[in-house]
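A.B. asks: build me a model:
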Amino acid sequence: MFIKQNTLLNYEGYKINMSKLIHRQHQKEKLEPSNITEEELLNRRAKNHFQQMKDVALNPESIENDLLMSFQSEGLTFMKPEMNVGPQLMLNETEFHKPEITDVQFIQNFVVKEAFYRDQIKNNFSGEDLKERLAQFEQSVTRAKEKLVGLYSESIGRFFNNEESWIYNDNPIFQEVSQEKGEKLFNVESFKQHVITIMEKQGEQLKKIKDANKDLWQTMIETGGRSLHLFQNELKSTTDQTMATNFSLEEMSYTDMKELGTFIDAIGKGISTNSEIFLGAYLGQMQGKTSLFLNNSSLSENMKKKLQETVQSKIGTKIKWTKLSPEINAQLSANRGNKSDWVDDFRAIIERIDVEKILSQKNEALEDTFQKFQQLALNPAEQFRFNYMNALNSLKQTLGSDRFAIGSIDILTQDWNTFTNALSIEPSIKQQYLIPSKDFSILDERV
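C.D. replies: Residues are numbered from 1 along each chain as shown. Model prediction:
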């Protein structure tokens, strides 16, 4: 609960940084050293800095923008101008872009920033101005919270409800018709309320942390939030300890939310390809990554089961549409019309073709490669690289030596290494799972 004082970016450190700024300002203004002392320059610069905090950082638009940036940055965008790149634009959902927020860390960032700005406003304004500022602030908080919680919940919902377009070969008609009668397994609205409840509880926890570190908090307020991350980290550590009970998928624990975000980022964004062999390798690797991750995670058993089922469902759906697409596309190509005509045609084709017969026919190129790559992650760590490199060699020989083959190997190795770096395992073991990349000549050598 108590934050170590020696971890604070102390005020003297702040003075040193300010002195550098003053020196540059001094040169710019071409002031003679005898005109003003360095201490006076320091105080003048500090006053200007805090006046800027009052005039710029504490206006409603700046506050809302900075709260929205909680998904990307621990610190204040006011202190990091390079981070202020238009969060409203970055988080805007369009027909072609759906923002993804899967890292639950935004919650601590947001809660601490909210408390910081509220105290800053109280510290800098008074009377009717203070009342008006606080009213505007609460509106900014509400809008930013609804935006972030909504995007986070929808991102998690897209994962559990299989709403990623790559599963359906990036065909919106396939996805639309496929999900028409399908029941969504994850209730986004219920999860939103759960996240808001967690944020409220963290707000209460932060009050305790502030009370136990009053001097440190006040120093942070007076120095413009330069040790904000200390309170965000402290809140994170206490949350890890206190949010440990979950009753349903939509009421998952904070620990599960944290691990889930890591998993979603590490498992990969999927691919669309006409090569069934390459697709089999990618999907097999995805299944193998899932097994390896779950065996080395602190997820609850309920969440492990849900994740395994979700990934298997994605893979099964992808294979299903890969098998059905040739016949469907062949029949669709004979018809032309608007989108609704295509959807009607699709329904008619599904009713007409023998779906079960098509799906029961084995696609050896896809399914054999899938099985081979799925099994690789189950090997002991010390054997993994040997077996994986041999599998890549075999895949390369099948695909050929053209640019597509080299690119496919590159995608697989990068995909695997990105996943491996996210694993919570000993560095020495992790090293055994990492695969050399970019040097494809190694694939032609005995390993």
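
A.B. asks: can you tell me which residue is nearest the centre of the protein?
C.D. replies: Nearest residue to the geometric centre of the chain (CA atoms, centre = their mean): residue 102, 3.7 Å.

A.B. asks: just the CA trace of the helix or strand in which residue 219 is found, in PDB.
C.D. replies: Under the criterion of DSSP states H and E, residue 219 resides in helix 214-222. The C-alpha trace of helix 214-222 is given here as PDB (Å, rounded to 0.1, in the frame of the first residue of the first chain):
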ATOM      1  CA  LYS A 214      -0.600  11.700   1.000                       C
ATOM      2  CA  ASP A 215       2.800  13.500   0.700                       C
ATOM      3  CA  LEU A 216       3.700  11.600  -2.400                       C
ATOM      4  CA  TRP A 217       0.400  12.300  -4.000                       C
ATOM      5  CA  GLN A 218       0.600  16.000  -3.200                       C
ATOM      6  CA  THR A 219       4.100  16.200  -4.600                       C
ATOM      7  CA  MET A 220       2.900  14.600  -7.700                       C
ATOM      8  CA  ILE A 221       0.100  17.200  -8.000                       C
ATOM      9  CA  GLU A 222       2.600  20.000  -7.500                       C
END
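
A.B. asks: would you map out the domains in the protein?
C.D. replies: According to automatic domain parsing, the chain comprises the domains 5-257, 275-444.

A.B. asks: how far off centre is the last one?
C.D. replies: Taking CA atoms, centre = their mean, to the nearest Å, one finds the center of domain 275-444 at 22 Å from the center of the full chain.

A.B. asks: how about stretch 261-272?
C.D. replies: On CA atoms, centre = their mean, the centre of stretch 261-272 falls 10 Å from that of its chain.

A.B. asks: quick check: buried residues in it?
C.D. replies: Residues 261-264, 266-268, 270-271 are the ones in stretch 261-272 that count as buried (16 or more other CB atoms under 10 Å). C-betas here are computed from N, CA, C, even on glycine.

A.B. asks: ends of that stretch, how far apart?
C.D. replies: Across stretch 261-272, the terminal residues are separated by 23 Å (CA to CA, to the nearest Å).

A.B. asks: residues contacting that stretch, please?
C.D. replies: Stretch 261-272 has contacts (CB atoms under 8 Å, 6 or more residues apart in numbering) with 102-104, 155-156, 159, 164, 166-167, 169-170, 278-279, 282, 286, 289-290, 293, 297, 299, 307, 311, 314, 318, 411, 415, 418-419, 422-423.

A.B. asks: give the PyMOL command for selecting the buried subset of these.
C.D. replies: Buried residues within the contacts of stretch 261-272, by 16+ other CB under 10 Å, are selected in PyMOL with:
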select buried, resi 102+103+104+155+156+159+164+167+169+278+279+282+286+289+290+293+297+299+307+311+314+318+411+415+419+423
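
A.B. asks: what pLDDT does residue 199 get?
C.D. replies: In this model, residue 199 is scored at 95, pLDDT.

A.B. asks: distance of residue 106 from residue 329?
C.D. replies: 41 Å (CB to CB, to the nearest Å).

A.B. asks: the two: which is more packed in?
C.D. replies: Between residue 106 and residue 329, counted using other CB atoms under 10 Å, residue 106 has the larger neighbour count: 25 against 12.

A.B. asks: now for the closest residue to that one other than its chain neighbours, how many residues are close by?
C.D. replies: In space, and not counting its chain neighbours, residue 106 is closest to residue 71: 4.2 Å by CB to CB, 6 or more residues apart in numbering. For residue 71, the neighbour count with other CB under 10 Å is 24.

A.B. asks: check contacts around residue 71.
C.D. replies: 91, 101, 103, 106, 109, 148, 151-152 are the contacts of residue 71 under CB under 8 Å, 6+ apart.

A.B. asks: repeat the analysis, applying 7 Å as the threshold.
C.D. replies: For residue 71, the contacting residues are 101, 103, 106, 148, by CB atoms under 7 Å, 6 or more residues apart in numbering.

A.B. asks: how near is it to residue 109?
C.D. replies: In terms of CB to CB, residue 71 sits 8 Å off from residue 109.

A.B. asks: identify the contacts common to these two.
C.D. replies: In contact with both residue 71 and residue 109: no residue, using CB under 7 Å, 6+ apart.

A.B. asks: now go through the contacts of stretch 261-272 and say which are in strands.
C.D. replies: Judged by DSSP state E, the subset of those located in strands is empty.

A.B. asks: residue 322: which of the contacts of residue 71 is nearest?
C.D. replies: For the contacts of residue 71, the closest approach to residue 322 (CB to CB) belongs to residue 101, at 29.9 Å.

A.B. asks: isn't that closest one right next to residue 150, touching?
C.D. replies: No - using CB atoms under 7 Å, residue 101 is not in contact with residue 150; the gap is 9.4 Å.

A.B. asks: more crowded one of these two?
C.D. replies: residue 101 (21 against 17).

A.B. asks: how about the more buried one, what does it touch?
C.D. replies: Here residue 101 is in contact with 71, 148, 151-152, 155 (criterion: CB under 7 Å, 6+ apart).
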